[in-house]
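Asks: I need the structure of the sequence given here:
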Amino acid sequence: MSISRSGDTAMNVSVRDESSPRTSQYSHVISIIPLPCLRMIEPGDAGLNVIQKNALRKLQYGPSIKVGMRFRSAWWTELFDIIGGRLSADLPIQTIIYPSHGVGSRTPSTVLIASYYLTNDAERLGALINTGKVEYDEELKELVLHNLAEVHNVDYGFLLDQYVDMHAWDWDYNPLLMGKSLNIDVS
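Replies: Numbers count the residues shown, from 1 in each chain. From the prediction side, this is the model:
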């Protein structure tokens, strides 16, 4: 894909890798894709000024992972009446996000975002994700369940009994993002 100016009022967007390459003309182009992917699009003649180029270069991406866990029940609601929201902890799991959808229905959500990282801890724990090795999946599962037990002051065995499955994601190795999450420094 490439983007180039066409006169003073139009932009050409060329798309390759389709059955037949095409070019379309637009008055404006708004990009919502991550910058590492934008760099692959060849915006060389897009008419960006120096300030815009510097702004794009200064945006920093940081490590980001997410660990979702499904349980037999919404134990956080049943035991602690937690409905939706976010909890921050000074533990490796860092951030827990509680679901709010389905509450009060016959099928409340039993999925918890048990860990959401945006720091260097994400880089370290990301090493356990998508390795294809069961022992690393088990290590991550055990760490997250132990941290959840500590935060909620419940027995690890109780959470292990409630546990159904886990899905972990590391944005560093996603080909559609080509990197990490955007960290905006507003200082």
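
Asks: Could you use CA atoms for every contact and neighbour count after this?
Replies: Fine.

Asks: Assign Asp161 to helix, strand or coil.
Replies: Secondary structure, DSSP: H, G, I helix; E, B strand; the rest coil: Asp161 is helix.

Asks: From Leu118, how far off is it?
Replies: The gap separating Asp161 from Leu118 is 29 Å, by C-alpha to C-alpha, to the nearest Å.

Asks: Compare the two (neighbour count), which wins?
Replies: Leu118 (19 against 10; other C-alpha atoms under 10 Å).

Asks: residues touching the more buried one, list them.
Replies: Residues near Leu118 by C-alpha atoms under 8 Å, 6 or more residues apart in numbering: 62-65, 181.

Asks: what does Ser24 give?
Replies: By C-alpha under 8 Å, 6+ apart, the residues touching Ser24 are 12-14.

Asks: Am I right that it sits in a strand?
Replies: Yes. Ser24: assigned to a strand according to three-state DSSP.

Asks: Quickly list what it is bridged to.
Replies: Ser24 forms beta bridges with Val13, as assigned by DSSP bridges.

Asks: The chain should start at 57 in everything you say after this.
Replies: Understood, numbering begins at 57; the last thing we discussed is Ser80.

Asks: Return the distance of the helix ranked longest in the chain from the chain's centre.
Replies: Ranked by residue count under DSSP state H, the longest helix found in the chain is helix 190-208. From the chain centre to the centre of helix 190-208 is a distance of 19 Å (C-alpha atoms, centre = their mean, to the nearest Å).
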